[in-house]
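Trainee: no letters, just coordinates:
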DNA sequence: AGGAACAAAAAGTACGACGTTTATGTCACA
DNA sequence: TGTGACATAAACGTCGTACTTTTTGTTCCT
């Protein structure tokens, strides 16, 4: 997936963002707007708009008389879903996947605890449905279907937490889960233990058992971390 | 604080971002680039660049023949420090402060635990120094000095965790702490219990006691949450 | 009523010109 | 030889205009 619809601007932005995230333009390198316009065969107007967006993500910095400088990684807006996507597509996907999974392991247990207190009946029902969907697709190479339910499940938990910051992490989680499924062991069925944990988590949330929900989510998280440890360098 | 240096672009971006974050342009409202150009007395070029940045933050959506539509809050990139600053300056600062504090309460304990394992001697020393600075400024209306040390302290912990996603949350924490200090009880000295907890946390990190570091940070977090509950609606 | 052709509105794109800042080199002077 | 003022040029910043494309509303014909 590149990004969205048509548009000259979109193409240039996506290409440049991908390149920078991949480290093809090391920090400190300067890009000239004229050169970029020539390279992509677009007007300087389009390039400038792209630069402005990249600048708002702190991927580059534009200064007069010097040009557009690529900024070091520490400056990047690493929570921007767009940036995350670019980085996950690049070379250090493993590193990125790991740090995002650690982030999940911090957030999701707390979110699950809150969800147990705040989830609406509709959310509980949807959660149970997702868990059942995971069970149904957990065997026989139905990884795409499983992934879909898995993403939906975690998204519901984050939304049900009632905290806006948690809810907006749904996209990040989706990227992580998708990345994990698509770039690691496509030949194995998901861990049965994880499936069970999700089912029990749906129950705990439905029953309003916050501490159990938090505990189960922590277990899911450590499972995910362990999975990364065995499957990645 | 508006944002950064000079530049026509910066001014328009900041003004519009502030207005949208404040809800002055409700979701669904359409802005026309020509109108904006007229209003700010700048060229359409400048307006378009601003729109593109706003669009990358998912604050607006630009479509042909219809105009620039303001998007609902759920779509916003609420992790973008710029967006956070805009929202914190607006009307629903209390709500925002609360959800950010909950986020902190999820992240920082885990980060502190990691910091206890990974912190370098230099980081430990800096941490202790910050804690001492907090003690020194904890009495006698030195709130600005205290804030400075407090921010530095938490930033070090997040950095020392070794996780990039945690580290990049330093700016958010800084905004929260600053917002809390500047918009609530400026007349009271900080809670002595909190000061003690920070000192003990610095010790725990230095000694590599991860579980104690996590526990102490949780205590700090519940203290902050409680403080919000008594001081805000 | 239904659909197809058409017209208008707004953003998207391009281009060329000029302004502004600032890194850098040069020259004079001590 | 070193230092400071000054000129220069390179890059981005801003502007105005003209043209293109897409979407949408309207009108007219069947």
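Mentor: In hand now; what should we look at? Since the model is a prediction, treat every value here as computed from it, not as a measurement. Numbers count the residues shown, from 1 in each chain, chains lettered A, B, ... in the order given.
Trainee: show me the shaky parts of chain A.
Mentor: Applying pLDDT under 70 to chain A picks out residues A:1-6, A:184-187, A:233.
Trainee: what do you get if the cut-off is 90, keeping everything else the same?
Mentor: Applying pLDDT under 90 to chain A picks out residues A:1-7, A:90-93, A:140-141, A:179-189, A:227-233.
Trainee: residue closest to the middle of it?
Mentor: Nearest residue to the geometric centre of chain A (CA atoms, centre = their mean): residue A:172, 2.6 Å.
Trainee: which strands and helices lie in contact with the one helix or strand it maps to?
Mentor: If you go by DSSP states H and E, residue A:172 is part of helix A:170-183. Applying 3 or more CB pairs under 8 Å, 6 or more residues apart in numbering or on different chains; DSSP states H and E, we find helix A:170-183 packed against helix A:81-89, helix A:93-118, helix A:143-160, helix A:210-231. Heads up, the C-betas are built off the backbone N, CA and C, glycines and all.
Trainee: helices or strands up against the longest one?
Mentor: Going back to what we said before, that points to helix A:93-118. Against helix A:93-118 (3+ CB pairs under 8 Å, 6+ apart) you get helix A:81-89, helix A:143-160, helix A:164-167, helix A:170-183, helix A:192-206, helix A:210-231, helix B:93-118, helix B:164-167.
Trainee: repeat that with 6 Å
Mentor: Counting contacts by 3 or more CB pairs under 6 Å, 6 or more residues apart in numbering or on different chains; DSSP states H and E, helix A:93-118 is packed against helix A:143-160, helix A:210-231, helix B:93-118, helix B:164-167.
Trainee: columns distance to DNA strand C and mean neighbour count on top of those, output as CSV?
Mentor: Formatted as CSV, the helices and strands packed on helix A:93-118 follow (distance: least, CB to the nearest atom of the strand, whole Å; neighbours: other CB atoms under 10 Å in any protein chain shown):
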stretch, distance to DNA strand C, mean neighbour count
helix A:143-160, 29, 21
helix A:210-231, 39, 17
helix B:93-118, 29, 22
helix B:164-167, 28, 22
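Trainee: can I get these in a markdown table including distance to residue B:132?
Mentor: Formatted as a markdown table, these follow (distance: least, CB to CB, whole Å):
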| stretch | distance to residue B:132 |
| --- | --- |
| helix A:143-160 | 39 |
| helix A:210-231 | 34 |
| helix B:93-118 | 18 |
| helix B:164-167 | 23 |
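Trainee: do any residues in the helix or strand encompassing residue A:11 lie close to DNA strand D?
Mentor: Counting by DSSP H and E, the element that carries residue A:11 is helix A:8-21. No - using CB under 7 Å from any atom of the strand, helix A:8-21 stays clear of DNA strand D, with a minimum separation of 10.0 Å.
Trainee: interface residues of chain A facing chain B?
Mentor: Applying CB under 6 Å from any CB of the partner chain, we find that chain A lies next to chain B at A:49, A:52-53, A:56, A:78-79, A:99, A:102-103, A:106-107, A:110, A:163-165, A:168.
Trainee: how long is stretch A:52-65 end to end?
Mentor: Using CA to CA, to the nearest Å, the span of stretch A:52-65 from its first residue to its last is 17 Å.
Trainee: before we move on, what about stretch A:135-145?
Mentor: Termini of stretch A:135-145 sit 11 Å apart (CA to CA).
Trainee: swap in stretch A:13-33?
Mentor: With CA to CA applied, stretch A:13-33 spans 13 Å between its terminal residues.
Trainee: so is that stretch next to DNA strand C?
Mentor: No - using CB under 7 Å from any atom of the strand, stretch A:13-33 never reaches DNA strand C; the gap is at least 10.0 Å.
Trainee: figure out how far that stretch is from the centre of its chain.
Mentor: Here the centre of stretch A:13-33 is set off from its chain's centre by 21 Å, with CA atoms, centre = their mean, to the nearest Å.
Trainee: and if you look at stretch A:130-142?
Mentor: Computed by CA atoms, centre = their mean, the chain-centroid distance of stretch A:130-142 equals 22 Å.
Trainee: same check, this time on stretch A:191-200
Mentor: Mean C-alpha position of stretch A:191-200 versus that of the full chain (CA atoms, centre = their mean) differs by 21 Å.
Trainee: what does stretch A:128-136 contact?
Mentor: Outside stretch A:128-136, the residues within contact range by CB atoms under 6 Å, 6 or more residues apart in numbering or on different chains are A:149, A:152-153, A:195, A:198-199, A:202.
Trainee: which of those residues lies closest to DNA strand D?
Mentor: The closest of these to DNA strand D turns out to be residue A:152 (CB to the nearest atom of the strand; 28.8 Å).
Trainee: tell me how far the closest one lies from residue A:8.
Mentor: Noted for residue A:152: a distance of 35 Å to residue A:8, by CB to CB, to the nearest Å.
Trainee: what do you get for residue A:24?
Mentor: Taking CB to CB as the measure, residue A:24 and residue A:8 are separated by 21 Å.
Trainee: and for residue A:98?
Mentor: Applying CB to CB, the value for residue A:98 to residue A:8 is 36 Å.
Trainee: ok, now residue A:176?
Mentor: Plainly put, residue A:176 is 31 Å away from residue A:8 if you go by CB to CB.
Trainee: cool, and residue A:164?
Mentor: Distance, residue A:164 to residue A:8, using CB to CB: 34 Å.
Trainee: more crowded one of residue A:24 and residue A:8?
Mentor: residue A:8 (16 against 13; other CB atoms under 10 Å in any protein chain shown).
Trainee: please name the nearest non-neighbouring residue to residue A:108.
Mentor: Nearest-residue entry for residue A:108: residue A:217, 5.0 Å, with adjacent residues in sequence omitted and distances by CB to CB, 6 or more residues apart in numbering or on different chains.
Trainee: please verify my assumption that that neighbour contacts residue A:112.
Mentor: Yes - taking contacts as CB atoms under 6 Å, residue A:217 lies within contact range of residue A:112: 4.0 Å.
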